[in-house]
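In: Build me a model from this:
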Amino acid sequence: MKIAYAFRRCASYPYNGPGLPTDASDRLQFLAKVKEIGFEGIELPAMNLADAAVDTLRAELEDAGVPCVAIRGGGGAAHPRVAAANKKRMEDAVHFAAKVGASVVNSTVTTPPREPGKKGTYRGESVSQGSSRYASEADYERTASAVTDVANIAAGLGVEISIEVHQNSIVDNSWSALHLLGLIDAPNVGINPDLGNIYWTYDIPEESCEDAIVALAPHVNYWHCKSLYRVHIPDLETAIYVQAPLPDGEIDYRFAIAAMLDAGYDGYLAIEGVRYGDGFHQDGRSVAYVKSVLAELG
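Out: Numbering: from 1, shown residues only. Next up is the predicted model:
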């Protein structure tokens, strides 16, 4: 099992933004630090770049020792207003992944809220718009058809698709992930069991992280990892979730890693970076923790 960096904020002075620094020297400084911390690869969003620029980016990443291992992009097909655009985004992500050398496209199947501005448009509430609780079988069938089409394109390029378990999505727990996977007619599709997303979808998590990882581990082809503190406010039917390094939050990643190893998983464990504070310090602690657990478990 290797460790990738699914960073969500790049704060490498003087650059501060959501993506890689645009200045070459700042970018190389950031990548050098990522490698120093102990990451063995990096996840990037799909980007609209000319082929020459993609070649340059790929060379920089590989020379820095942190090749691109996953691209994120796509979206759900359950809502007709966005289905075609989301499918095109997933196709574009597949083509970009092949060019930059990534073997996986990570995609959610989220859809826009049906009642914008009302309860359930965010996480940590008693309802979640777009969730599996309110999905129809037709929602799953439309989504499976779209993913199958893109997966067949991806197979010809040597790319896999990983469906991320995510809030505001018809795939937001283990049973819904397995249900959609069973409808997809493509062997290069698997699941990304982001336990943090299961934990913070509702104010009271509907499934334990232990049950989820045991059920999903045999079907995983990419894995986002983040941990959280939960502060429940029952009178408001709300919970506030605060991200923390993996060893400090409330998700038991020792149990999760053991379950994944027992299932024979040898892909990337992608640490989803913190969004506030010193990311290098906090995410570095997550890397050190994962490596210590892997060493203990053999």
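In: Tell me how far the closest residue to D23 other than its chain neighbours lies from Q29.
Out: For D23, ignoring the flanking residues on the chain, the nearest one in space by CB to CB, 6 or more residues apart in numbering is Y15 at 6.9 Å. Every residue, glycine included, has its C-beta placed from N, CA and C. For Y15, the distance to Q29 equals 9 Å [CB to CB, to the nearest Å].
In: Please apply the same query to Y241.
Out: As for Y241, its distance to Q29 is 32 Å (criterion: CB to CB).
In: Name the residue in those two with the higher neighbour count.
Out: Comparing Y241 with Q29 by neighbour count (other CB atoms under 10 Å), the higher total belongs to Y241, at 20 against 15.
In: Need the three-state assignment for the more buried one.
Out: Reduced to three states with DSSP: H, G, I helix; E, B strand; the rest coil, the structure at Y241 is strand.
In: Next up, the contacts around it.
Out: The neighbourhood of Y241, defined by CB atoms under 8 Å, 6 or more residues apart in numbering, consists of 123-124, 199-200, 228-231.
In: pLDDT score assigned to it?
Out: Y241 carries a pLDDT value of 97.
In: Show me what it bridges to in the sheet.
Out: Partner residues in beta bridges with Y241: R230, with DSSP bridges as the criterion.
In: and E272, what are its bridge partners?
Out: In this entry, E272 is beta-bridged to A6, by DSSP bridges.
In: any idea how far it is from P80?
Out: If you measure E272 against P80 using CB to CB, the figure is 30 Å.
In: So these two - more neighbours on which side?
Out: Neighbours around E272 and P80, counted as other CB under 10 Å, are more numerous at E272. The numbers are 22 against 9.
In: which among the contacts of Y241 gets closest to D248?
Out: The closest of those to D248 turns out to be Y229 (CB to CB; 8.2 Å).
In: What is the least confident helix or strand in the chain?
Out: For the chain, the helix or strand with the lowest mean confidence is strand 10-12, at a mean of 86 (criterion: mean pLDDT, DSSP states H and E).
In: Which of the residues in the next helix or strand after that one are classified as buried?
Out: Moving toward the C-terminus from strand 10-12, the next helix or strand (DSSP states H and E) is strand 15-17. Within strand 15-17, the residues that qualify as buried are Y15, counting by 16 or more other CB atoms under 10 Å.
In: What of stretch 73-80?
Out: Applying a neighbour-count criterion of 16+ other CB under 10 Å, the buried positions in stretch 73-80 are 73-79.
In: wait, is L31 part of a helix?
Out: Yes: for L31, which was evaluated using three-state DSSP, the result is membership in a helix.
In: burial measure for it, as a count.
Out: Using other CB under 10 Å as the criterion, the residues surrounding L31 number 22.
In: just the strands in the stretch 151-298 of the chain please.
Out: For the stretch 151-298 of the chain, the strands defined by DSSP state E, counting those that start in this stretch cover 160-164, 189-192, 223-225, 227-233, 238-244, 268-272.
In: Any idea which of those strands gets closest to C209?
Out: Smallest distance to C209 across the strands of the stretch 151-298 of the chain (CB to CB): 9.6 Å, for strand 227-233.
In: could you pull out the helices for the stretch 51-200 of the chain?
Out: Chain-ordered helices for the stretch 51-200 of the chain, with DSSP state H, counting those that start in this stretch as the definition, fall at 51-63, 80-100, 137-156, 174-183, 195-200.
In: For these, give me a markdown table that also has mean pLDDT and distance to T110.
Out: What follows is the helices of the stretch 51-200 of the chain, written out as a markdown table (pLDDT from 0 to 100; distance: least, CB to CB, whole Å):
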| stretch | mean pLDDT | distance to T110 |
| --- | --- | --- |
| helix 51-63 | 97 | 26 |
| helix 80-100 | 97 | 9 |
| helix 137-156 | 98 | 11 |
| helix 174-183 | 98 | 13 |
| helix 195-200 | 98 | 10 |
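In: What sits closest to I271 if chain neighbours are left out?
Out: Per CB to CB, 6+ apart, closest to I271 is S286, 4.8 Å.
In: neighbours of that neighbour, just the number please.
Out: Applying other CB under 10 Å, we find 28 other residues in the vicinity of S286.
In: Repeat that for E36.
Out: By other CB under 10 Å, the burial measure for E36, its neighbour count, is 11.
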